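Undergrad: Generate coordinates for the sequence data below:
(one chain, ligands or ions: 1)
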Amino acid sequence: MTTRRTMLQALAGAALLPSSLPVLAAAAAPEGEALKEIARRKGLRFGTAVGGGRNQFGDPAYRALVERECSIIVAENEMKWQALEPARDAYRFEPADAMLAWAERSKMTMRGHNLFWQAEKWLPAWLAKEDFGADRSRAERLMRKHVQTVCRHYGTRIASWDVVNEAIDPADGKLRQNALTRAFARGAGAIDQIDLAFRLAHEYAPHAQLVYNDYMRGDSGSTKHRAGVLAMLAELKKRGTPIHALGLQAHIGSWDESPERGREDMLQWRRFLDEATAMGYDLLITEFDVNDRRLPADIAQRDAGVAAAARDFLDVTLSYPRLSDFLLWGMADHISWLQTWDEAPRADKLPMRPCPYDAQLRPKPLRQAIADAMRTMPARRA
Ligand code: G3I
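TA: Predicted coordinates:
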């Protein structure tokens, strides 16, 4: 029998991570039981991001795949501030509303992503250019107006919000600065602005799960990032900030993971999740995919490596019963954001294969790995 370990050994150093785990699906899995059903039996919701770009939401076959496999979705871009308010005071809800209406018709729940994205690059252009000087109250009023407008628009139809996205700079573990945080400089700075973001979300969406969402990983390149996230979560806890959960983006496979360090990376990851949950935070996987840039061009080897890396990560991460939602950042390779992300491309420039379905919507070994990981994980809390 081919085990995942022997499969990875056969990849001769090209695999993303080592494996300590049992059997790998040798070929594309039959679809079988829907992923949402496997998840549901364990008290987990399974889903994906859906975007208007790259012909996803407009493609009936892709939509049908999402309806069959998923019980929860999130808009890949359409609920971001720059999408909702591209020009000041001119809110544009239609694309996100269409997605939410479809989700509700299809009996899927929808998460909100995101109210505040801390990287200045991803703020609305009109806001990124704003200079509030020392006028903190003007920045506060603007934040209030945004949260009030968006949360009132969606009401209880959105039951979980990524309130703050990517607040930590991975380079130094410190809080990122932007046009809004600079207005809070006379106080404690960015942490005051983040604290206010959650308090506003709680005020206008008191029913909702409020999430901090970020992309830290277990590898050594992410050490400062993990430390920064934990320090911020500890400070927010001390302040009594209404924040309920940590969103683990889980874009794995892209940076410093290596076969030699894989076991150590997973230990560090577990330590990180232990610390976050010990503070009382729930967990979600919010944006899972597997960058295959370290894997060989051969498709069978590549798909096996992706599935094995996923299984290693998921076996650790899904072992936390506090984790109640598991979302991918796209179900099929051709619509993945990774195809156009130029920061970590494949050296051979081949299209990536980071998702559980290929461009023809045929299931891949990654789908089997996800199904197997959910079948073997412990049941969630009721
Ligand atoms: O809106 C234009 C459209 O009019 C044009 O046709 C198209 C041409 O490429 O570009 C469109 O906008 C792009 C949009 O994706 C929709 O495809 C933007 O330029 C591009 O910057 C945007 O990228 C998104 C990125 O976030 C920035 O918002 C990605 O799709 C999306 O996958 C990515 O998602 C982030 C999460 O929100 C946070 N965590 C990391 C994750 C991956 O980077």
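Undergrad: State the pLDDT value of the closest residue to the ligand within the chain.
TA: Scanning the chain for proximity to the ligand using CB to the nearest ligand atom identifies G53 as nearest, at 2.8 Å. The way it works is simple: take the backbone N, C-alpha and C, and place the C-beta from them, glycine included. pLDDT recorded at G53 is 85.
Undergrad: and what of A27?
TA: Each residue has a pLDDT score; the one for A27 is 37.
Undergrad: just R4 next, same as before
TA: Note on R4: pLDDT of 43.
Undergrad: before we move on, back to that, can I assume the residue of the chain closest to the ligand is in contact with E76?
TA: Yes - using CB atoms under 8 Å, G53 and E76 qualify as a contacting pair, with a distance of 7.2 Å.
Undergrad: Which one's more surrounded, these two?
TA: Neighbour comparison, G53 and E76: the larger count goes to E76, with 24 against 13 (by other CB atoms under 10 Å).
Undergrad: quick one, what contacts the residue of the chain closest to the ligand?
TA: For G53, the set of contacting residues under the criterion of CB atoms under 8 Å, 6 or more residues apart in numbering consists of E76, N77, I335.
Undergrad: Skipping adjacent residues, who's closest to the first one in space?
TA: Put plainly, it is E76. Of all residues not flanking E76 in the chain, G51 sits nearest, at 3.2 Å (CB to CB, 6 or more residues apart in numbering).
Undergrad: Repeat that for F57.
TA: Ranked by CB to CB, 6+ apart and with sequence neighbours excluded, the top spatial neighbour of F57 is V50, at 5.6 Å.
Undergrad: and the stretch 251-382 of the chain, which residues reach the ligand?
TA: Neighbours of the ligand within the stretch 251-382 of the chain, by CB under 6 Å from any ligand atom: E287, W337.
Undergrad: In three-state terms, label K107 for me.
TA: With DSSP: H, G, I helix; E, B strand; the rest coil as the basis, K107 sits in coil.
Undergrad: scratch that, D289 is what I was asking about
TA: Look at D289: counting by three-state DSSP, its state is strand.
Undergrad: What residues does it make contact with?
TA: If a contact means CB under 8 Å, 6+ apart, then D289 has A250, H251, I252, L328, W329, G330, S336, L338, P354, C355 as its contacts.
Undergrad: Low-confidence ranges, this protein, go.
TA: Of all residues in the chain, those with pLDDT under 70 make up the ranges 1-31, 254-260, 381-382.
Undergrad: all helices of the stretch 201-350 of the chain, in order?
TA: Listed in chain order, the helices of the stretch 201-350 of the chain (DSSP state H, counting those that start in this stretch) span 223-239, 262-278, 299-317.
Undergrad: Which positions in the first one come out as buried?
TA: By neighbour count, with 16 or more other CB atoms under 10 Å as the criterion, the buried positions of helix 223-239 are T223, K224, H225, R226, G228, V229, L230, M232, L233, L236, R239.
Undergrad: same check, this time on the second one
TA: Within helix 262-278, the residues scored as buried using 16+ other CB under 10 Å are G262, D265, M266, Q268, W269, F272, L273, E275, A276, T277.
Undergrad: by how many degrees do it and helix 299-317 diverge?
TA: Helix 262-278 and helix 299-317 are oriented at 40 degrees to each other (axes from the mean of the first three to the mean of the last three CA atoms, to 10 degrees).
Undergrad: packing partners for helix 262-278?
TA: With contacts taken as 3 or more CB pairs under 8 Å, 6 or more residues apart in numbering; DSSP states H and E, helix 262-278 sits against helix 223-239, strand 282-290, helix 299-317.
Undergrad: roughly how far out does it sit from the chain middle?
TA: 17 Å (CA atoms, centre = their mean, to the nearest Å).
Undergrad: and if you look at the first one?
TA: Helix 223-239 sits 18 Å away from the centroid of its parent chain (CA atoms, centre = their mean).
Undergrad: which residues are in contact with that helix?
TA: Outside helix 223-239, the residues that touch it by CB under 8 Å, 6+ apart are 167-175, 191, 194-195, 198, 212, 214-218, 243, 246, 268, 272, 275-276, 279-281.
Undergrad: List buried members of these by neighbour count.
TA: Judged by neighbour count, with 16+ other CB under 10 Å as the criterion, the buried members of the contacts of helix 223-239 are 167-170, 173, 175, 191, 194-195, 198, 212, 214-218, 243, 246, 268, 272, 275-276, 281.
Undergrad: Now intersect those residues with the strands, please.
TA: Y212, D214, L246 (DSSP state E).
Undergrad: which of the residues you listed lies closest to I38?
TA: Proximity of those to I38, judged by CB to CB, is greatest for L246, which lies at 23.9 Å.
Undergrad: Tell me if I'm right that the closest one and D282 touch.
TA: Yes - at 7.5 Å, L246 counts as touching D282 under the criterion of CB under 8 Å.
Undergrad: quick one on the thing from earlier: now the contacts of D289 as a markdown table including neighbour count?
TA: Converted to a markdown table, those look like this (neighbours: other CB atoms under 10 Å):
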| residue | neighbour count |
| --- | --- |
| A250 | 24 |
| H251 | 21 |
| I252 | 28 |
| L328 | 28 |
| W329 | 23 |
| G330 | 27 |
| S336 | 25 |
| L338 | 24 |
| P354 | 27 |
| C355 | 25 |
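Undergrad: that older thread, find residues that contact each of L246 and D282.
TA: With contacts defined as CB under 8 Å, 6+ apart, no residue is adjacent to both L246 and D282.
Undergrad: if we can go back for a sec, make TSV out of the buried residues of helix 223-239 and add distance to the ligand.
TA: Formatted as TSV, the entries for the buried residues of helix 223-239 read as follows, by distance: CB to the nearest ligand atom, whole Å:
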residue	distance to the ligand
T223	20
K224	18
H225	13
R226	16
G228	16
V229	14
L230	19
M232	17
L233	18
L236	20
R239	25
